[in-house]
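**Student:** Sequence and predicted structure are below.
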Amino acid sequence: MALLTVDHRHPTPLYAQLEQGIRGAIAAGRLAPGAQLPTVRQLAVELKVNANTVARVYVELERAGVLETRRGVGTFVAQTQPAVGSRRGRDAELRALVQRCLNEAAARGFSAADVLGQVRQLSDSQGG
């Protein structure tokens, strides 16, 4: 089984699927701190996506402090993951999560009001 997969038929953009896949693999421990990722070209060929898509995700995750690139060596999972403990960091992380949710819902024909209604319903049923 491949470490990362993308679904070319899914409405979520490939770069978002790839970013979520890498973040998820790190969170689940399938990619440990210091682990080397495939080269841009290797991953692009494996997933059948454009190399620019992979490069874009690697650059964005490097800017976020999730990955680090060592020139001439490769791309690795950062030894220490960025903290989202600060209020500003937590707000930014939550905003990005909500934006991805709204984008995926819209791609499937749901409105923000539909999503909000479900969030309220789930929150009420969980006592929160």
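**Tutor:** Received the coordinates, thanks. Given the structure is predicted, the values throughout are model-derived calculations rather than measurements.

**Student:** since we're on Gly72, how many residues are nearby?
**Tutor:** Using other Cβ atoms under 10 Å, Gly72 has 5 other residues around it. Every residue, glycine included, has its C-beta placed from N, CA and C.

**Student:** I meant Glu68, not that one.
**Tutor:** Around Glu68 there are 14 other residues, counting by other Cβ under 10 Å.

**Student:** And the one 3 residues further on, by the same measure?
**Tutor:** With neighbours defined by other Cβ under 10 Å, the count for Arg71 comes to 5.

**Student:** could you pull out the helices for the protein?
**Tutor:** Along the chain, the stretches classed as helices by DSSP state H are 14-27, 40-47, 51-63, 87-107, 112-125.

**Student:** In JSON lines, list the ones you listed along with distance to Arg70, mean pLDDT and mean neighbour count.
**Tutor:** Listed next are the helices of the chain as JSON lines, based on distance: least, Cβ to Cβ, whole Å; pLDDT from 0 to 100; neighbours: other Cβ atoms under 10 Å:
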{"stretch": "helix 14-27", "distance to Arg70": "17", "mean pLDDT": "90", "mean neighbour count": "18"}
{"stretch": "helix 40-47", "distance to Arg70": "14", "mean pLDDT": "96", "mean neighbour count": "16"}
{"stretch": "helix 51-63", "distance to Arg70": "11", "mean pLDDT": "93", "mean neighbour count": "17"}
{"stretch": "helix 87-107", "distance to Arg70": "25", "mean pLDDT": "75", "mean neighbour count": "12"}
{"stretch": "helix 112-125", "distance to Arg70": "40", "mean pLDDT": "90", "mean neighbour count": "11"}
